[in-house]
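Asker: okay, structure incoming, though there's no sequence with it:
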RNA sequence: GGAGAGUUGUCCGAGUGGUUGAAGGAGCACGCCUGGAAAGUGUGUAUACUCGUAAGGGUAUCGAGGGUUCGAAUCCCUCACUCUCCGCCA
């Protein structure tokens, strides 16, 4: 959520930057300021009356102590008069505060100055590519065929147990999941991240904190009887660990990593790239999250990009890094890099990670702050990225590494998986 | 699921209707003391909004939301959470 004070001070800049996102602000920005003006007006009226009530009440107390009941009675009548004005003012104040919040919640985060303007994924900027695309032998298979051939993943069984998009991993397929999770976590812990294993369901306040609510409830699975949401990513519970906390400046940066399953309804995306593991409703992911000094957040973002890049390199997968254009960026992000791996048999680039700086957009909602050297409260910046989302990594690993004898896994997984070959 | 007890500032903990934003202690910060440190000692130590160039003032906040009252941390109601006992149970 943007800060009203910031909008007030940078009115034109805010509008210009929203335009980079291709976001039609439709007068929201001006309305926010107008509503905030109105809010101030009602608030000061309210406070003025309340101040009178408070001071008069104090006098009444003193008069009663001095046994001057008549005077006290007179003041009591006076207070009642003041108070009779309050309900209508309070109603207006509450209404205007609600309207203000409604409006400001409609505004997405402001894109960083390096974000290219643009509307669609075609406008994303290629930052760099790495690795080499394999040349597959004749008669090579897409991953869903390979998964079947080596009995690694059973999509039909998932259908039976739950529904489409809930694959069942079996045997070496299940073990490969476990190996990847373990490897990714170890890799992150080595880089100074603290591991968490958070709840996989969250309450409304938590979903609101990272920006899933309001508006995106359709993307989450919901358990109405308990009012809980299944997490779409570890970002949600883990970032909220520090909700309403004032951290010490020395504690920054706070680096956290977590493995969780992720649940996504993917409403409205039926029939689009849903084959095999390309898009599923439940998948495993290891996430990295940082809370940092605002002055250093872009430096940290680049660090995180390198961190994820090296992880991909260690898996020997061909990848490319994209800087998302304004139109393709998520609602809460200021700058996002997407990582895609090339899945050879499908001849497709698959998104496997998304690394973003949210600046204060999330922390303003969650009120995650620190006291700077001048003793001033500051919101920290939050960042996160996947390292990595498993299904598409598995898809690429299977497709790119298929040989006549089976699937030849990258060296780095050998100790985790216990073998180099899936056959 | 049933019965009971609780939820106060960074932490511990007092407070049961009036000047309590909140005693006391610990912690932390700064100073004194010291060769240096510990101990001792002095001072300071919430957040948000708002008015003000500032000094400083106002309003709100004692789990959350409502109510009673001139006045609520304190009384009443609802909800959430924690703990104890019983039940059920991986």
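Answerer: All right, it came through fine. Keep in mind that what you see is a predicted model, and the values were worked out from it rather than measured. Numbering: from 1, shown residues only, chains lettered A, B, ... in the order given.
Asker: get me the contact residues on chain A for RNA strand B.
Answerer: Taking Cβ under 7 Å from any atom of the strand, the part of chain A that reaches RNA strand B is made up of A:5, A:36, A:40, A:43-44, A:46-48, A:50-51, A:53-58, A:60-62, A:64-65, A:76, A:79-80, A:83, A:246, A:369, A:371, A:377. For every residue, glycine as well, the C-beta is placed using N, CA and C.
Asker: can you do 6 Å?
Answerer: Counting by Cβ under 6 Å from any atom of the strand, chain A comes close to RNA strand B at A:40, A:43-44, A:47, A:50-51, A:53-54, A:57-58, A:60-62, A:64-65, A:76, A:79-80, A:83, A:377.
Asker: how close does residue A:136 sit to residue A:229?
Answerer: 41 Å (Cβ to Cβ, to the nearest Å).
Asker: okay, the two: which has more neighbours?
Answerer: residue A:229 (23 against 16; other Cβ atoms under 10 Å).
Asker: and the closest residue to residue A:176 other than its chain neighbours, how many neighbours?
Answerer: With Cβ to Cβ, 6 or more residues apart in numbering as the measure, residue A:417 is the residue that lies nearest to residue A:176, at 6.2 Å, once sequence neighbours are left out. Other residues lying near residue A:417 total 20 when counted by other Cβ under 10 Å.
Asker: ok, residue A:417 touching residue A:182?
Answerer: No. Counting by Cβ atoms under 8 Å, residue A:182 is not a contact partner of residue A:417; they are 9.4 Å apart.
Asker: can you give me the buried ones in the longest helix seen in chain A?
Answerer: Among the segments of chain A that qualify as a helix by DSSP state H, the longest is helix A:28-65. When neighbours are counted by 16 or more other Cβ atoms under 10 Å, the buried residues of helix A:28-65 are found to be A:28-29, A:31-32, A:35-36, A:38-39, A:42, A:45-46, A:49, A:53, A:56, A:60, A:63.
Asker: now stretch A:205-214
Answerer: For stretch A:205-214, by 16+ other Cβ under 10 Å, it's A:206-213.
Asker: any chance of these in a markdown table, with pLDDT and secondary structure too?
Answerer: Supplementary listing: those in a markdown table, determined by pLDDT from 0 to 100; DSSP: H, G, I helix; E, B strand; the rest coil:
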| residue | pLDDT | secondary structure |
| --- | --- | --- |
| A:206 | 90 | helix |
| A:207 | 91 | helix |
| A:208 | 90 | helix |
| A:209 | 89 | helix |
| A:210 | 91 | coil |
| A:211 | 88 | coil |
| A:212 | 88 | coil |
| A:213 | 83 | coil |
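Asker: per the record, what domains does chain A have?
Answerer: Structurally, chain A divides into domains by automatic domain parsing as follows: A:4-106, A:121-422.
Asker: for whichever residue of the stretch 301-423 of chain A sits closest to RNA strand B, what are its contacts?
Answerer: Among residues of the stretch 301-423 of chain A, the one nearest RNA strand B by Cβ to the nearest atom of the strand turns out to be residue A:377. It sits 3.6 Å away. For residue A:377, the residues meeting the contact criterion (Cβ atoms under 8 Å, 6 or more residues apart in numbering) are A:246, A:369-371.
Asker: grab the nearest non-local neighbour of residue A:324.
Answerer: Spatial nearest neighbour of residue A:324, chain neighbours left out: residue A:336 (4.4 Å); criterion: Cβ to Cβ, 6+ apart.
Asker: wait, that neighbour sits on residue A:358?
Answerer: No. Look at residue A:336 against residue A:358 with Cβ under 8 Å: they stay out of range, at 9.5 Å.
Asker: name the element residue A:397 belongs to?
Answerer: Residue A:397 belongs to helix A:390-400 when assigned by DSSP states H and E.
Asker: who does the helix or strand following that helix pair with, and is each partner parallel or antiparallel?
Answerer: Proceeding N to C from helix A:390-400, the next assigned helix or strand is strand A:402-403, under DSSP H and E. Paired neighbours of strand A:402-403 in the sheet (DSSP bridges): strand A:406-408 (antiparallel).
Asker: list the buried residues in stretch A:305-320.
Answerer: When burial is assessed from 16+ other Cβ under 10 Å, stretch A:305-320 yields the following buried residues: A:305, A:307-309, A:311-312, A:315-320.
Asker: what kind of secondary structure is the residue nearest to residue A:324 in?
Answerer: Reducing the assignment at residue A:336 to three states with DSSP: H, G, I helix; E, B strand; the rest coil gives strand.
Asker: so what's it up against?
Answerer: Residues near residue A:336 by Cβ under 8 Å, 6+ apart: A:323-324, A:329-330, A:354-357.
Asker: also residue A:346?
Answerer: Taking Cβ under 8 Å, 6+ apart, we find residue A:346 in contact with A:142-143, A:275, A:278, A:395, A:399.
Asker: please apply the same query to residue A:19.
Answerer: A:25, A:117.
Asker: how much does the helix or strand hosting it deviate in direction from helix A:28-65?
Answerer: For residue A:19, the element it lies in under DSSP H and E is helix A:11-20. For helix A:11-20 against helix A:28-65, the angle between stretch directions is 130 degrees (axes from the mean of the first three to the mean of the last three Cα atoms, to 10 degrees).
Asker: in helix A:11-20, which residues are buried?
Answerer: In terms of neighbour count (16+ other Cβ under 10 Å), helix A:11-20 has its buried residues at A:14-15, A:17-18, A:20.
Asker: can you tell me which of the buried residues of stretch A:305-320 are in strands?
Answerer: With strands defined by DSSP state E, the entries of the buried residues of stretch A:305-320 inside them are A:319-320.
Asker: with distance to residue A:404 as new columns, can the buried residues of stretch A:305-320 be given to me in CSV?
Answerer: As requested, those are arranged in CSV below (distance: Cβ to Cβ, whole Å):
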residue, distance to residue A:404
A:305, 37
A:307, 35
A:308, 32
A:309, 31
A:311, 29
A:312, 26
A:315, 22
A:316, 19
A:317, 21
A:318, 21
A:319, 26
A:320, 29
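Asker: measure residue A:140 to RNA strand B for me?
Answerer: In this structure, residue A:140 lies at 44 Å from RNA strand B, with Cβ to the nearest atom of the strand, to the nearest Å as the measure.
Asker: what stretches of the stretch 251-400 of chain A score poorly on pLDDT?
Answerer: Under the criterion of pLDDT under 70, the regions of the stretch 251-400 of chain A flagged as low confidence span A:268-272.
Asker: please enumerate the helices of it.
Answerer: Secondary structure of the stretch 251-400 of chain A, counting by DSSP state H, counting those that start in this stretch: helices at A:297-314, A:361-366, A:390-400.
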